[in-house]
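K.L.:
any chance you could fold what I've pasted below:
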Amino acid sequence: MKEQVQTKSVTVSQKAVDSVVCWKRWSWEKDLQRVLVVVNQRATGSLLVDSPTDCLIRHEMASRGMTGEVAVAYLTEYKDELSELLALTRRADFVVLAVGTKISSALDQRLKFYIQQCQGNGQSRKLYWLMNSGGKHVHPGELGGLPWQFGPVG
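P.N.:
This is a model prediction of the structure:
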């Protein structure tokens, strides 16, 4: 029996400010779909060390055939966050807001402003909420292995 494993090369990049990761991106094939997932958590660490949330997101996107590029943006408090999010959004074909409902009022306001900016820049058609089967906005970790569902941001 002959066994074969096919691998693809991946380019991993990230932006960090004062050791807090703003976003992280895994790129495999430049001509395939690019996905951005926005989560409400802080990330720190090495370029090659992934959080459990990063792993969940990459696994789910791969299972859906979205293997061109996956970027995860972490809602943070650095001053250039909105411009970074908008640049990542323009680059993406599909954007998932995976923040759940348990977010601070400051993050909620920042997220609302981001959505308004996307609407003003013609990017809102790309935006989708990550939801559970009951239609509640969720963070990837809240799904506990259940299927991911998306609903348009309206």
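
K.L.:
longest helix in this protein, by number of residues?
P.N.:
Determined from DSSP state H, the single longest helix within the chain is helix 105-120.

K.L.:
buried ones in it?
P.N.:
110-111, 114-115, 117-118 (16 or more other C-beta atoms under 10 Å). Just so you know, the C-beta spots here come from the backbone N, C-alpha and C atoms, and that holds for glycine as well.

K.L.:
now do stretch 144-154
P.N.:
148, 153.

K.L.:
CA atoms of stretch 65-80 as CSV?
P.N.:
The C-alpha trace of stretch 65-80 is given here as CSV (Å, rounded to 0.1, in the frame of the first residue of the first chain):
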residue,chain,number,x,y,z
GLY,A,65,-13.2,24.9,1.6
MET,A,66,-12.1,28.5,2.5
THR,A,67,-8.4,27.8,2.2
GLY,A,68,-7.1,30.8,0.4
GLU,A,69,-6.4,32.9,3.4
VAL,A,70,-7.8,33.1,6.9
ALA,A,71,-7.2,36.2,9.1
VAL,A,72,-8.3,36.6,12.7
ALA,A,73,-8.6,40.2,14.0
TYR,A,74,-8.7,40.6,17.8
LEU,A,75,-10.6,43.6,19.1
THR,A,76,-8.1,45.6,21.0
GLU,A,77,-7.7,49.1,22.2
TYR,A,78,-4.8,50.4,20.2
LYS,A,79,-5.5,53.6,18.3
ASP,A,80,-5.2,52.4,14.7
